[in-house]
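**Q** could you work out the structure for the sequence below:
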Amino acid sequence: MLINGQQASVDGLTANLRSAGLDVVIDLTENFGTTLGNDSFSVTGGGANFQIGPNVNSQGRISIGIESITAANLGNTESGFLNNLGTGRTTQLLDAENLPRAEEIVNSAIIQISRLSGRLGGFQANQVETNLNSLRVALENVTASESAIRDTDYSVEVSNLTRAQILLQSTTNILGIANAAPQNVLSLLR
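**A** All right, here's what the predicted structure looks like:
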């Protein structure tokens, strides 16, 4: 199955596609999932975009699709959903005959939550933390460069100050010698 021109993985009536620009899980109807042909659909929500690059553009953006995990969405169409387990519902736990089906629903919900948790953990470790570490290294390099520039400027200024002090002292000594010469000549004449 192709979604947005890319090969999707399909398990029963659930199609998954995870790529740089699209992260989607689609539950297909039986008619749609078993009929050959082309069809189109629009995605109206259900995910999150994260801008992790230094510039705000599509190259610095990553996306992750996050499906709804409400009780009405945890489970599956074959066994049922978690919200069906309540009192007065189709799979209420008060009836012993519903217990195997309730177990299937809970197991299905656990698998869904585990998959989502794994995807979010992988997203955090492989995308967010990797980028964060890269940005930390870049910040450290910029800080070190700035420090080197500041240290260089300080060295230049210290050497300029030392040069000025040496010139001042030598000028003062020369003026002292120049003033002493006429006084020596006058003392000889007396």
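**Q** look up how far L99 lies from the residue at minimal distance from the centre of the chain.
**A** Nearest to the mean C-alpha position of the chain, by CA atoms, centre = their mean, lies V128 at 3.1 Å. Distance, V128 to L99, by CB to CB, to the nearest Å: 41 Å. (C-beta placed from N, C-alpha, C; glycine too.)
**Q** and what of T143?
**A** From T143 to L99 the distance is 62 Å (CB to CB).
**Q** tell me where the chain has helices.
**A** 30-34, 99-123, 129-189 (DSSP state H).
**Q** what angle separates the longest one from helix 99-123?
**A** Going back to what we said before, that points to helix 129-189. For helix 129-189 against helix 99-123, the angle by axes from the mean of the first three to the mean of the last three CA atoms, to 10 degrees is 20 degrees.
**Q** and helix 129-189, average pLDDT?
**A** For helix 129-189, mean pLDDT rounds to 85.
**Q** for F81, which non-adjacent residue is closest in space?
**A** G75 (3.7 Å; CB to CB, 6 or more residues apart in numbering).
**Q** next one: L74
**A** Nearest non-adjacent residue to L74, counting by CB to CB, 6+ apart: A109, 3.8 Å away.
**Q** before we move on, the earlier item: isn't the residue nearest to the centre of the chain right up against F50?
**A** Yes: with contact defined as CB atoms under 8 Å, V128 counts as touching F50 (7.0 Å).
**Q** quick one: contacts for the residue nearest to L74?
**A** Residues in contact with A109 (CB atoms under 8 Å, 6 or more residues apart in numbering) are 74-75, 82.
**Q** can you tell me how far it sits from R119?
**A** 16 Å.
**Q** next: D23.
**A** As judged by CB to CB, D23 and R119 stand 8 Å apart.
**Q** what do these two both touch?
**A** Counting by CB under 8 Å, 6+ apart, the shared contacts of D23 and R119 are I64.
**Q** just give me the neighbour total for the closest residue in space to G53 that isn't next to it in sequence.
**A** Leaving out its chain neighbours, the residue that sits closest to G53 by CB to CB, 6+ apart is G60, at 1.8 Å. Residues near G60, counting by other CB atoms under 10 Å, number 13.
**Q** mind checking the end-to-end distance for stretch 16-31?
**A** Stretch 16-31 stretches 18 Å from its first residue to its last (CA to CA, to the nearest Å).
**Q** and it, how far out from the chain's middle?
**A** 23 Å (CA atoms, centre = their mean, to the nearest Å).
**Q** tell me the buried residues in that stretch?
**A** Within stretch 16-31, the residues scored as buried using 16 or more other CB atoms under 10 Å are 16-18, 22-26, 28.
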